[in-house]
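Novice: Next come a sequence and a model predicted from it.
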Amino acid sequence: MKKIAILVLLISSGLFAQRPNGQKPNHEKIKALKTAHITDQLDLTSSEAEKFWPVFNEYDKKIMALRKKDRIEFKGKLRNDGIDALTDEEANILIDKILVMKTSELEYRKELVVNLKDVLPPQKIIKLYKAEESFKRMLLDRLKERREKKD
């Protein structure tokens with residue numbers, strides 16, 4: 001299982017690195033990288049993976065939909081010039097919307113953990129959190145490297 005995860009990671013990272021014409025990263029490629037990374041970090045058995053991925057993918061789908069909705073809703077308002085142009089009433093409405101979004105994210109996370117307790121041992125649930133954080137760090141590092149190469 002580990003060899004497959006590493007193979008998927010290597011292939012996906014090669015695809016990810018070869019974006020033509022400076023296009024934005026392909027969501028499917030990032031998802032493949034994330035899947036390989038999590039599989040490797042959690043060291044899932046076949047039976048665990050079979051039960052884990054449907055639960056995790058449902059969670060991920062909810063989070064992505066929430067973030068997409070919020071990106072559309074907050075577009076431009078969270079940039080510095082957008083913030084300065086807000087009235088106090090608009091700013092308070094925006095604060096409330098951000099808190100609702102963060103609360104929803106937390107509720108989705110709680111639901112994920114409850115559902116995973118029937119699928120994985122507690123140690124692997126904690127490893128999942130660490131794996132997600134390390135994956136974010138890896139993506140940010142790659143983004144930073146690319147920006148430095150452009151400069």
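Specialist: Done, it's in.
Novice: tell me the SS of Ile30?
Specialist: helix (DSSP: H, G, I helix; E, B strand; the rest coil).
Novice: Against Glu48, how distant is it?
Specialist: With the distance defined as Cβ to Cβ, to the nearest Å, Ile30 ends up 23 Å from Glu48. Bear in mind the C-beta positions are built from the backbone N, C-alpha and C, glycine included.
Novice: What mean pLDDT does stretch 67-80 get?
Specialist: Stretch 67-80 shows a mean pLDDT of 76.
Novice: Now the one helix or strand Arg142 maps to: buried residues?
Specialist: In this structure, Arg142 sits in helix 122-150 according to DSSP states H and E. The neighbour-count criterion (16 or more other Cβ atoms under 10 Å) identifies Lys124, Ile125, Lys127, Leu128, Ala131, Glu132, Phe135, Leu139 as the buried residues of helix 122-150.
Novice: and it, what does it pack onto?
Specialist: Where contact means 3 or more Cβ pairs under 8 Å, 6 or more residues apart in numbering; DSSP states H and E, helix 122-150 is packed against helix 27-42, helix 88-116.
Novice: how far off helix 122-150 does the last one point, in degrees?
Specialist: Taking axes from the mean of the first three to the mean of the last three Cα atoms, to 10 degrees, one finds helix 88-116 and helix 122-150 inclined to each other by 130 degrees.
Novice: for the record, mean pLDDT for helix 88-116?
Specialist: 94.
Novice: cool, the shortest one as well?
Specialist: When the per-residue pLDDT values of helix 27-42 are averaged, the result is 91.
Novice: now for that helix, which elements pack on it?
Specialist: Under the contact rule (3+ Cβ pairs under 8 Å, 6+ apart), helix 27-42 is packed against helix 2-17, helix 46-74, helix 122-150.
Novice: The nearest residue to Lys34 once chain neighbours are set aside and Arg142, how far apart?
Specialist: Here the nearest residue to Lys34 in space, its sequence neighbours aside, is Phe135; by Cβ to Cβ, 6 or more residues apart in numbering that works out to 5.4 Å. Distance of Phe135 to Arg142, given as Cβ to Cβ: 11 Å.
Novice: Could you do Ala36 as well?
Specialist: Noted for Ala36: a distance of 15 Å to Arg142, by Cβ to Cβ.
Novice: Kindly report the same for Asn92.
Specialist: 37 Å.
Novice: Kindly report the same for Leu44.
Specialist: Computed as Cβ to Cβ, the Leu44 to Arg142 distance reads 24 Å.
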